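Participant: I would like to see how this sequence folds:
(chains A, B and C)
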Amino acid sequence: MARVGVFVCFCGANIADYVDVPQVVEEVKRIKEVKFATEYKYMCSDPGQGMIRDAIVQNKLTSIVVAACSPRMHEKTFRKALSDAGMNPYLLEVANIREHSSWVHQKDKKAATEKAMDLCRMAVAKSIANEQLHEISVPVTKRALVIGGGIAGIQAALDIADARIPVVLVERSPSIGGKMAQLDETFPTLDCAQCILTPKMVDVASHPYIELIPYSEVIELQGFVGNYKVRIKKKASYVNFKTCTGCGACWQKCPVKVPNEYNMGIDKRKAIYTPFPQAVPNKPVIDAEHCTMLTKGKCGICAKVCDKGSIDYTMQDEIIEREIGAVVVATGYDMWDPKPYEEYGVGRFKDIITSLEFERMVSANGPTNGVPIRPSDGKVPKNVVFIKCVGSRDEAKGIEYCSKICCMYTTKHTILLHHKVHDSHAYVFYMDIRAAGKGYEEFVKKAQVDTGTTYLRGRVSKIYKKGDKLMVRGEDAQLGQVVEVEADMVVLATAVSAPKDNPDLARLLGISYDKYGYLSEAHPKLRPVETAKAGIFLAGCTQAPKDIPETVSQASACAAKVCGLFAGDTMKKDPMVSTINNEYCSGCQNCVKVCPYGAIVTDDVPIGHGSKELRTVAKINEGVCQGCGSCVAICRSMAINLAGFTDPQIINEIVSI
Amino acid sequence: MEAEVKDQLVSIEKPELIAPPNWEPVIMGILCNWCSYAGSDLTGTSRIQYPPNIRIIRVPCSSRVDPWFLIKSLQTTADGVLVSGCHPGDCHYISGNYFARRRFLVTKKLLNFVGFHENRIQFSWVSAAEGPKFAKVVNKVTEDIKKLGPLHLYKKENFEKK
Amino acid sequence: MKKLTYFPGCSAHGTSEEFDSTLKLVLKTLDVELEDIPDWNCCGATSAHVMTENLAYALPMRNLVLAEKLENTTMGIACASCYQRMKVTKVHMDENPELAQRINTTVVEEGTYKGTVDVKSMLQYFYEDIGVETIRGKVTKSLAGLKVACYYGCLLTRPKNITKFDSPEYPVSMDQICEALGATATEFDYKTECCGASFSISNTEVVLNLSGQILAMAKESGAHAIVVACPLCQSNLDMRQPDIEKQQGVKYDIPVFYITQLMALAFGNPVDQLKFPKHIVPVEGALANIGKIDPVPQKVKKPIKAVEAESEVE
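Facilitator: Just a heads-up that it's a prediction; the model follows:
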């Protein structure tokens, strides 16, 4: 026979003013299972919790009902009070008589009191069917996977590895470094990007806890938090990294020239190449698409010049498998293609370049030795127009959001232009200057003064050619006039966009992404690092555009989350998960289809005790189950139940009033 | 044949029966934890007033709601049922409310067929931010059920008494 | 023989008579028979749509309903303005059946709007239904030597979601047709700038200014002539040219052809049928370039930026 204790809270005046609490207590005492009922001013306070603990011990109660505020508020508090009294915490039910009664029926005390009584009856009825539940512990594989070797991935990998947790870092291109390795200097301090990044890249390569797998892609992820299994495709590099010394004889002699991705196609690289001189690992790979030996079977020069015999044209793609416990996704961003801006003559006028192309030009290790030049005739430009928000904040042609970094990097570009071409003049067409960040506004102000840049507030409506000049026509909204600027070169501050294969990656990992293709965080404010899938975290621009300091912060936050996850040998998990009664399961597998987490698989069990004949039943992985209950409602033989929300519990609630 | 059965069953609803004086309907509200229950909490914290007829049951997801719960409610205690979940596309459990939506359509059709007025069972999507919307939904449902009157004849105890 | 429903519009019988008559010559060569919409009415431009929505929709709808009674499923329109009104009405009616029903009550006597007839400008018809290659095949007298700036104006390709044809900012269909005729289309950045349109009468100053810029850019691009497919563009650029020259103190002397005039010429029609005397700016100077091909091709400096994606072997 159940022995239920009911504790009704005044919540100061919040409940007591609108609900006749003593009357509620009297009413619940009439329920035959209720052996104890009382009231108190603040049940959640220490004395209130003490009352619960004492009553449990003195009255040998088998379940507890607290009638107070929403269970979303204090369920955890009261569960702890039960635990402290030696009672299973899941024998608690909360009747929400504040949010659902006293606060919403303030003009009718009688009705509010009656409703509070009903809510108590329902909670009592439910609690009678409550069962003892225990937190689930799941074993953990203490190894993290980091996808993407840009600054976000590098930082996350280093921070996790520094905590002596092994890290597998997978990078798609032949070298880590990402977009940051392409930058010249970084705002707002103008540190050289290479100078601050390359030491970190070297740290990654030499760290005893980091396994760097370059030129590879993640192709499959199975399992659940703490127990993932990942399959990685390592693309054939055709170079034996173990014997290669990175001497460079091969790429010096290679006769095939290909547009150089690292330099935004401004110059050429060879078919066997390292992306840039400071690449990590500093070993070449053969671009199979362009190598004439691999495509036509002609050439083979690199193999001839290699002393070590490291070139192997027969190398195949390789599949690597690793067991891991957590994933950090740091796949970065793409630069938005400004092609839709046909009124600017994008694609027709060679002297219109994107900001990343400009970045490469002014970079000391860039294709033009750090001097910006006009692609059309090689001349050094004097008048340069920078157009901001190309693609950003443009619902008609681009994307709705602000790319966040363009205001700052364009400011940086005006400084770099001024440094490299002293007699140049920069014009900036802008919508707003968004310089929120430490030292950012100061940076913009100083740059405006130092460079004498002309800032024009307004959009550019047209660019046309006049002789060898580009005429940039736009609006100066502050003067209310149309202005035309004669430019030698135009730099488009193109938007930051999500990596185009993010949706594929998201599907592969089982996480969600937004309409732009950015990966979705679990909560925009309070859980910006986690995804909705336990054990998968996001760092950097793959979640939303951000600058380097923010990216690094988020990467370190990911590391903290991973370390937290791996702090014990097992992980604790809420016990509100589904369970299957094999005796009832008919093996229809409808539950397998509706489970959004793939937590249900099939299993073969003997037909009867000792029988050799097998039948198929469903099996729930409680480590993966999140407790939504879809499988319970779909199960036609009522073989499944959801702990905490079982059919008897809910039916008891329904019939109790 | 089918029509005949339907005619008999339609008699569950007896509009000519006048509700007893001061009669108030009981409405069972089954809400998902993450959106609608949180939304109803917000209605409370915003002190938005609504009729006191609804009794709220918390479930993790609208997909947990078995049609059995709806039938049982109408059979025993309630004059109407409201089920509410996250907006389609916003399910905390990725896709649960899509299953729920389809299941409810079928359930509603079945209950209509056996003679319940379609307004006895209502569904809505209320997010955790839509406190005012929850009050609006409860207002509407309560009003609809009041118009329909009590579920006199179908209640189990009424059968047993006879 | 193909058939095409034809909406001539008011200007075809007045200022743009040469467009209409050369269009008929061209279609004869291309083996297309025009079928006028019986009892067609004014499209409503430009006054109707700035005054009342109902009238702005009802006038084109009447034409559309009448056109649906013919067998053809495509309606060709010479005038860009008529095309715009007709196309806007069609797209809006197809997207919003309720609106269509409401507007239909105004033209109920003519019949029910069904949306079965597609609306195309003649340029679009040439480009999509006839095809550049067919046009190339009909050329008997190449226009090689003639450099033209193709001017599309504001209405033929815009707004993009209504016209769904070519690019709204840098269209190329007319350029390709001109190249098929043997002419050279210059790189002309003012293809879709505003000519001033109907301000020609109410505020001529505006037109002189805007059309003046277009003429200047056409000249700058090295063109001998401008090619258009819109009567209002033609009249602004051609008829107002002497005034523009007087105002700016520059001599442009750049004739403005309808695309159909050049097509008719290249298809071998006698010059006296092409209504050149109707032009204000004499055409002879420009046409004299035909056959005179630049002996030295313009030297293009090799760009530093690698544009070709394919690999090259040293």
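
Participant: And the strands in chain C?
Facilitator: C:2-7, C:32-36, C:74-77, C:118-121, C:147-150, C:184-185, C:225-228, C:256-258, C:312-313 (DSSP state E).

Participant: The ones you listed: which one's closest to chain A?
Facilitator: Each of the strands of chain C has some distance to chain A by Cβ to the nearest Cβ; the shortest is strand C:312-313, at 5.6 Å. No exception for glycine: its C-beta is placed from N, CA and C like everyone else's.

Participant: Save the strands of chain C as CSV, and put in mean pLDDT and mean neighbour count too.
Facilitator: Listed next are the strands of chain C as CSV, based on pLDDT from 0 to 100; neighbours: other Cβ atoms under 10 Å in any protein chain shown:
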stretch, mean pLDDT, mean neighbour count
strand C:2-7, 92, 20
strand C:32-36, 93, 15
strand C:74-77, 94, 24
strand C:118-121, 94, 23
strand C:147-150, 96, 26
strand C:184-185, 94, 20
strand C:225-228, 96, 28
strand C:256-258, 95, 28
strand C:312-313, 47, 12
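
Participant: Go through the ones you listed and name the closest to A:Pro549.
Facilitator: strand C:312-313 (41.9 Å; Cβ to Cβ).

Participant: Let me know the pLDDT of C:Glu98.
Facilitator: Looking at C:Glu98, its pLDDT reads 92.

Participant: count of neighbours near residue 96?
Facilitator: I'll assume chain A. A:Asn96: 25 surrounding residues under other Cβ atoms under 10 Å in any protein chain shown.

Participant: Oops, wrong one, chain C.
Facilitator: As a burial measure, C:Asn96 scores 12 neighbours (other Cβ under 10 Å).

Participant: Next: A:Pro22.
Facilitator: With other Cβ under 10 Å as criterion, A:Pro22 counts 12.

Participant: OK, contacts around C:Ala45?
Facilitator: Contacts for C:Ala45 (Cβ atoms under 8 Å, 6 or more residues apart in numbering or on different chains) come out as C:81-82, C:84-85.

Participant: Filtering the residues you listed by proximity to chain A, which remain?
Facilitator: Among the contacts of C:Ala45, no residue is within reach of chain A (Cβ under 8 Å from any Cβ of the partner chain).

Participant: Could you chop the chain up by domain?
Facilitator: This is for chain A. In terms of domains, chain A is parsed into A:4-128, A:144-235+A:317-333+A:498-565, A:249-305, A:335-497, A:578-655 (source: automatic domain parsing).

Participant: wait, chain C
Facilitator: Domains of chain C are assigned by automatic domain parsing as C:2-123, C:132-287.

Participant: Those into TSV, with extra columns for distance to A:Ile147?
Facilitator: Output for the domains of chain C, formatted as TSV (distance: least, Cβ to Cβ, whole Å):
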stretch	distance to A:Ile147
domain C:2-123	43
domain C:132-287	38
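
Participant: Where does the prediction get shaky in chain B?
Facilitator: Applying pLDDT under 70 to chain B flags the ranges B:1-19, B:152-162.

Participant: Please, where are all the strands along it?
Facilitator: Going by DSSP E, chain B shows strands at B:27-32, B:54-59, B:80-85, B:121-125.

Participant: To A:Val138, which of the ones you listed lies closest?
Facilitator: Of all the strands of chain B, strand B:54-59 comes closest under Cβ to Cβ, at 24.8 Å.

Participant: what packs against that closest one?
Facilitator: Strand B:54-59 is packed against helix A:109-128, helix A:647-655, strand B:27-32, helix B:36-45, helix B:131-148, with contacts defined by 3 or more Cβ pairs under 8 Å, 6 or more residues apart in numbering or on different chains; DSSP states H and E.

Participant: Check which helices and strands the lowest-mean-pLDDT helix or strand in chain A sits against.
Facilitator: Least confident helix or strand of chain A, by mean pLDDT, DSSP states H and E, is strand A:570-573 with a mean of 84. Packing partners of strand A:570-573 (3+ Cβ pairs under 8 Å, 6+ apart): strand A:136-139.

Participant: List just the nearest of the contacts of C:Ala45 to A:Lys515.
Facilitator: C:Gln84 (32.4 Å).

Participant: contacting residues around the residue lying closest to the closest one once chain neighbours are set aside?
Facilitator: Nearest in space to C:Gln84, with sequence neighbours left out and distances taken as Cβ to Cβ, 6 or more residues apart in numbering or on different chains, is C:Leu155 at 4.4 Å. The contact partners of C:Leu155, taken as Cβ under 8 Å, 6+ apart, are C:80-81, C:83-84, C:230.

Participant: Can I get those residues in TSV including pLDDT?
Facilitator: Converted to TSV, the contacts of C:Leu155 look like this (pLDDT from 0 to 100):
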residue	pLDDT
C:Ala80	91
C:Ser81	91
C:Tyr83	94
C:Gln84	93
C:Cys230	92
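
Participant: JSON lines please, covering the residues you listed and showing neighbour count.
Facilitator: Formatted as JSON lines, the contacts of C:Leu155 follow (neighbours: other Cβ atoms under 10 Å in any protein chain shown):
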{"residue": "C:Ala80", "neighbour count": "26"}
{"residue": "C:Ser81", "neighbour count": "24"}
{"residue": "C:Tyr83", "neighbour count": "28"}
{"residue": "C:Gln84", "neighbour count": "26"}
{"residue": "C:Cys230", "neighbour count": "31"}
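
Participant: so of these, which ones are in helices?
Facilitator: Among those, the ones falling in helices (DSSP state H) are C:80-81, C:83-84.

Participant: How about the contacts made by C:Leu25?
Facilitator: By Cβ under 8 Å, 6+ apart, the residues touching C:Leu25 are C:260, C:264, C:267, C:269, C:273-274.

Participant: likewise A:Val285?
Facilitator: By Cβ under 8 Å, 6+ apart, the neighbours of A:Val285 are A:174, A:215, A:235, A:237-239, A:272-274.

Participant: now do B:Leu110
Facilitator: If you count contacts by Cβ under 8 Å, 6+ apart, B:Leu110 has them with B:Pro67.

Participant: can you list the weak-confidence ranges in the stretch 151-300 of chain C?
Facilitator: Checking the stretch 151-300 of chain C against pLDDT under 70 turns up C:293-300.

Participant: For whatever residue of it ends up closest to chain B, which non-adjacent residue is spatially closest?
Facilitator: The minimum distance from the stretch 151-300 of chain C to chain B, using Cβ to the nearest Cβ, falls at C:Asn161 (25.5 Å). Counting by Cβ to Cβ, 6+ apart, C:Asn161 lies nearest to C:Val91, which is 7.9 Å off, once chain neighbours are set aside.

Participant: Then C:Val271?
Facilitator: Nearest in space to C:Val271, with sequence neighbours left out and distances taken as Cβ to Cβ, 6+ apart, is C:Leu265 at 7.1 Å.

Participant: Next one: the one you found from A:Lys268, what distance?
Facilitator: Here C:Leu265 is placed at a distance of 47 Å from A:Lys268 (Cβ to Cβ, to the nearest Å).

Participant: what do you get for A:Phe386?
Facilitator: For A:Phe386 relative to A:Lys268 (Cβ to Cβ), the value is 27 Å.

Participant: Next: A:Asn621.
Facilitator: A:Asn621 is 52 Å from A:Lys268, by Cβ to Cβ.

Participant: same deal with C:Arg62?
Facilitator: Distance from C:Arg62 to A:Lys268, by Cβ to Cβ: 63 Å.

Participant: again with C:Asp243
Facilitator: C:Asp243 is 54 Å from A:Lys268, where distance means Cβ to Cβ.

Participant: now the residue lying closest to C:Asp118 once chain neighbours are set aside: how far from chain B?
Facilitator: Using Cβ to Cβ, 6+ apart and skipping the chain neighbours, the partner closest in space to C:Asp118 is C:Thr74 (4.9 Å). The gap separating C:Thr74 from chain B is 41 Å, by Cβ to the nearest Cβ, to the nearest Å.

Participant: can you check A:Ile463 too?
Facilitator: Remark: distance between A:Ile463 and chain B (Cβ to the nearest Cβ) = 40 Å.
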